[in-house]
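Novice: Take this sequence and fold it.
(one chain, ligands or ions: 1)
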Amino acid sequence: MKQVADGVWQLNTFALPNLINAFLVEDVLIDAGTRHSPNKFPRHRYAKGLTPNAHPHAHPDHQGASHELCTKLERPFWVPEHDADAAENPELIRERQPSHPVARFYIRLFVGPGHRVDRVLHEGDEVAGFKVLDAPGHSAGHVVFWRESDRVLILGDVLANFDQLTLIPGLHEPKPYLTPDPAENRRSAKRLASLEPKLVLFGHGTPLRDTKKFVEFVDSLPA
Ligand SMILES: [Zn+2]
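Specialist: Alright, predicted model coming up:
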């Protein structure tokens, strides 16, 4: 666990750092990793103080541990409006992903049980000092968390900061075979680049403290 901004810690939920991240913001756990990740959390010295488990989106590498964590640690479960049905019924995650062998493999490997959603997140909601913004494309309901005061953006999977096949560092769009609507995801990225974040935190990859690099990468994407 590493502090990355005021009141924000990045947690590893996978074998190696920065591959599949979760974030602790005040007492809110944003994301939960895969179904193999729960043992990463109870050891966490802040675990007792945690309340909700909030998701940028309901994909297997971020929802896999949610049911176990929310049940064992008695946490409410907060999910964006348009991913809430998939968070309760992971069969819908399967249906909404492109039909591709990598997508099917990744679902089999990571997906966890569904869990009843306690709160649906909408654009403009406040979560631990961050504002919820809609950023659909990588999933129907994908949201990001934005804190204007110090320009911190928890980006989820709108972009990754390494190539998810080769693990080579650098900004990348999420793989199209794991993204139901790549064009809409790109429109979301362009909207977020216009915020000119000082710090971008990714579901996959190391934090980026280079506004220009982020904005230029997004500008270089096709419209
Ligand atoms: Zn992901």
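Novice: is it true that S139 touches L92?
Specialist: No: in this structure, S139 sits apart from L92 without contact. The criterion is CB atoms under 8 Å, and the distance is 10.3 Å. (C-beta placed from N, C-alpha, C; glycine too.)
Novice: Next to the ion, which bits of this structure? Give me the list.
Specialist: Contact residues (CB under 5 Å from the ion) of the chain with the ion: D61, D157, G203.
Novice: next structured bit after the worst-scoring helix or strand of the chain on mean pLDDT?
Specialist: Across the helices and strands of the chain, mean confidence by mean pLDDT, DSSP states H and E is lowest for strand 53-54: a mean of 72. Moving toward the C-terminus from strand 53-54, the first helix or strand encountered (DSSP states H and E) is helix 60-63.
Novice: Next, the buried residues of that next one.
Specialist: With burial defined by 16 or more other CB atoms under 10 Å, the residues of helix 60-63 counted as buried are P60, D61, H62, Q63.
Novice: how far out from the middle of the chain is that helix?
Specialist: The gap between where helix 60-63 is centred and where its chain is centred comes out at 8 Å by CA atoms, centre = their mean, to the nearest Å.
Novice: Just checking, which helix or strand succeeds it along the chain?
Specialist: Past helix 60-63, heading to the C-terminal end, the next element that is a helix or strand (DSSP H and E) is helix 66-72.
Novice: Can you point out the buried residues in that next one?
Specialist: Quick answer for helix 66-72 (16+ other CB under 10 Å): S66, H67, E68, L69, C70.
Novice: can you map out the helices along this protein?
Specialist: Taking DSSP state H as the criterion, the chain carries its helices at 60-63, 66-72, 84-88, 91-96, 101-110, 182-193, 211-220.
Novice: What lies in contact with stretch 31-42?
Specialist: With CB atoms under 8 Å, 6 or more residues apart in numbering as the test, stretch 31-42 has contacts from 11-14, 20-23, 29, 47, 53-56, 60-66, 68-69, 72-73, 109-113, 156, 203.
Novice: What mean pLDDT does that stretch get?
Specialist: Averaging pLDDT along stretch 31-42 yields 78.
Novice: Next: stretch 152-170.
Specialist: 95.
Novice: re the thing from before, so what touches the least confident helix or strand of the chain?
Specialist: So strand 53-54 is in contact with 28-32, 66, 69-70, 75-79, 121, 127, going by CB under 8 Å, 6+ apart.
Novice: Please indicate which of those residues has the highest neighbour count?
Specialist: Using other CB atoms under 10 Å as the neighbour definition, the contacts of strand 53-54 reach their maximum at A32, which records 31 neighbours.
Novice: can I assume P222 is in contact with N185?
Specialist: No: when contacts are counted by CB under 8 Å, P222 is not listed as touching N185 (11.9 Å).
Novice: Of these two, which one has the most company?
Specialist: N185 (24 against 6).
Novice: Phi, psi for the residue nearest to that one when sequence neighbours are not counted please.
Specialist: The shortest distance from N185 to any residue that is not its chain neighbour, by CB to CB, 6 or more residues apart in numbering, is 2.6 Å, and that residue is G137. Phi and psi for G137, reported as degrees, to the nearest 10, are phi 130, psi -60.
Novice: how about G137, what does it touch?
Specialist: When the contact criterion is CB under 8 Å, 6+ apart, the partners of G137 are V158, T179, P180, D181, P182, A183, E184, N185, R186, R187, S188.
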